Structure formats: C-alpha cells, structure tokens
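Student: starting from these lines, generate the structure:
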Amino acid sequence: MPNTRKVFKGLLFALAACALWSTLYIHTDFIAPYGTADLAIVRFLFSTALALSVAVLSGNARRLLVNRPYQDWLSAGLLGFLGFTGYFFFLATAIKYTSEVITVSIIGMIAIVTMVANNLIYKEFPWRSIVLPVFLAIVGVALIVGAQIQSGQFSLRDMRGCLGLASATIALAMWSSYQVLNKRALLKRPLMPTEDWTLLTLIAGAAALPLLILMLPFSPVANEFGLFTQPVGAPTLALTGWGFFLALGASLLSLYAWNTAQTYLPPALSGQSVVLLLPMVFGLGWHYGRFSQSSMPIGIGIVFLLGSVGATIMLRYRVAARASHDTPSLKSVEERKGRYQSDMPLPQKPIGAPGRF
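Tutor: You can find the predicted model right below:
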C-alpha cells in the first residue's frame, strides 16, 4: 500500500477511535446517585467480559490466553494499565477538579510529548524541523487554558484545581507512555493480529482493577464510589446500560481502531492523531454550554492544534520525498551495474589451457 493511502487509512481509524473516546466526556447525570468511579468499574468489568467472549467465540481463546509468552502478558498488562484502567481514574479526577476543557487541553499535549519521544527513538526528523508543529501545539493549548482562566472557570489558587491539574499531568504522562510503548510493541509483533493484541491489552489491563477498587476509598474521587452501597433501582439500569455502551464503544472498538491506526501511521503521527479528539470533546462542551463565553479563543486554539498535526503530516511527506529522491531506484542501480560490467575487458584464456576448458 502506498504511503499516502496508509497514512490516510491510519488517520481514518484514528478519527474513529477518537470519536468513540469522546463519548467518555458526555455528561452522566442520568446515572446519579452513582458516580464516575462506579461507571469506570462497570465499564472495565464489561470490557473484560466482552474481550473474553470475543476470544472464546472466535475460537482464538487457546492461542490468545494459553499459548502466549509471558512477555506478551507483561507488556499488555502494563499498556492496559497505562492507557486504559489506571489512566481513566486520573482522567476522571482531573475532570472533577478542573473541567473537561482544561483536562482535554492538557491531554492534547500528547501530540508534543510523543513527537519528541518518538523522534528520540526513531530519529525520523531533524530537531529543527519539528519546531513549527511543537510551537503551534503549545500556542493552541495556551489559548484554550488561558480562555478558561480568563472566564473564571479555572484558578491556580484553588487547591482542588491544583489537584486536578496534577491528575491531568499524570494522565498525560501515562497516555504518552502508552502511545510510545504500544507503537513499539506493535512493531515488535508484526505477525500478531491487531484484534489479538487489542483483546490481550483489555484482559491483561483489567488485572489492576482489584487494586484500584481497594484504593478508591482513599482517593480524591472517594465520594464518586458507591457501587456496593447504593440500593438497586432505576439508576442501576442506567449505570449498567451506559457502562456496557462505553465498554463496547470506548473500550473494545476504540482500542481496536486505535491499534489498527498505529499499524498504518508512522511513529510521529501516532501521538499527533489524538488531537482529533479535541474538536469532538469541545463540540460536546459547547452543546452543554460549558464554555460558550470563551468559545472564540477555544476555537482558535483548536485550529492551532490541528495546524500542528497538519505541519507534522507535511513534514513527514517532505522527509519521505527527499529520501525517495536521494535513494537510487533498483532499475538505475541495475543499469549502472550493466554499464560497468560491459566496460570491463573480457578475461583472457590462460596460455596452454585446453580448448575444451
């Protein structure tokens, strides 16, 4: 598949993953008195059950769960915690104590962090050439956060806001690590089907769920945790239904779409494409009236962030075009080789050698 088609297909899968992930930011007042932590636990339980069911029904359970090296389990478990189980709890804490806008803006810095990290590993670009996309991303995030501070939606003097900011930073570090390590894991397993790696990540990542449940009562979102104390009623049905929807869409299908995108996109675009999540989340925020007073600066910030992605794509194509121009084709190499051999004198037969030799 040509590089252009591969990148286009990868971006389509990344867009699908981000569209599914954006449902995590939909207001969930309808599940009250249950909280965010309750929804996360139900989602993780359903996603693990769905992953196991798909593995069994597809007939791949033995290959996936039994005949799998322990290194794959360790790697998938770490990635599942970084990008799935543990990440969501820090994300929920950040949203609770700041806002969806601040949180997703900081998460948008993944585009910068992963670009720098991937360039350290793969050395795709000269460092001076990534200044423009990094600059555009920083300006975009600064505009968005500044608009929220200006409108009074967020303050650095509030301890709760600082806690939310720290949680968002931890979530940023976890998801950036997930992006870089997941890309490397896929490159190391080119023969492993994407769906197998997706299922393995979901199943192995759920191993951290019991530990997180034990930690919840002592965490900042303790008041969001009432799964085992609330009486069963109509909200329980809403919690179950929405948890199943998120498990199917925002866990199973989104992770499959993201892993597929990773197999098509070059390392530099793997993290940048998460910026596609921003317009969807901000669209939801505008719909709920969360930042209607500062929509113009936020819209400009989104344009800068998307411009950062566009600059990275153009940079990728320039490097690829330069490489193809500088590298001689196989045909030209063969032609030069033929001319070189035709100019060489024919070997002389030794004196006195038998004619039949």
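Student: is it true that Ala61 touches Ala55?
Tutor: Yes - the pair Ala61 / Ala55 is scored as a contact, 4.6 Å apart, by C-beta atoms under 8 Å. (Each C-beta comes from the backbone N, C-alpha and C, glycine too.)
Student: who's more crowded, the two?
Tutor: Higher neighbour count among Ala61 and Ala55: Ala55, with 21 against 15, using other C-beta atoms under 10 Å.
Student: any idea how far the more buried one lies from Leu199?
Tutor: 5 Å (C-beta to C-beta, to the nearest Å).
Student: could you do Val139 as well?
Tutor: Between Val139 and Leu199 the distance is 40 Å, computed by C-beta to C-beta.
Student: again with Leu211
Tutor: 22 Å.
Student: okay, these two: which has more neighbours?
Tutor: The neighbour count for Leu211 versus Leu199, taken as other C-beta under 10 Å, is higher for Leu199 (27 against 12).
Student: and the residue nearest to the more buried one when sequence neighbours are not counted, how many neighbours?
Tutor: For Leu199, ignoring the flanking residues on the chain, the nearest one in space by C-beta to C-beta, 6 or more residues apart in numbering is Ala51 at 4.6 Å. A count of nearby residues for Ala51, using other C-beta under 10 Å, gives 24.
Student: for Ala234, same thing?
Tutor: For Ala234, the tally of surrounding residues (other C-beta under 10 Å) stands at 8.
Student: do Ile102 as well
Tutor: Ile102: 23 surrounding residues under other C-beta under 10 Å.
Student: pLDDT score assigned to it?
Tutor: Ile102 is assigned a predicted lDDT (pLDDT) of 76.
Student: again with Val134
Tutor: The per-residue pLDDT reported for Val134 equals 87.
Student: which ones are touching it?
Tutor: Applying C-beta atoms under 8 Å, 6 or more residues apart in numbering, we find Val134 in contact with Ile112, Met115, Val116, Ser308.
Student: among these, which ones are buried?
Tutor: Using 16 or more other C-beta atoms under 10 Å as the burial test, these include Ile112, Met115, Ser308 as buried.
Student: using JSON lines, lay out those residues together with pLDDT, secondary structure and distance to Pro297.
Tutor: Shown next, in JSON lines, are those (pLDDT from 0 to 100; DSSP: H, G, I helix; E, B strand; the rest coil; distance: C-beta to C-beta, whole Å):
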{"residue": "Ile112", "pLDDT": "79", "secondary structure": "helix", "distance to Pro297": "20"}
{"residue": "Met115", "pLDDT": "80", "secondary structure": "helix", "distance to Pro297": "24"}
{"residue": "Ser308", "pLDDT": "82", "secondary structure": "helix", "distance to Pro297": "17"}
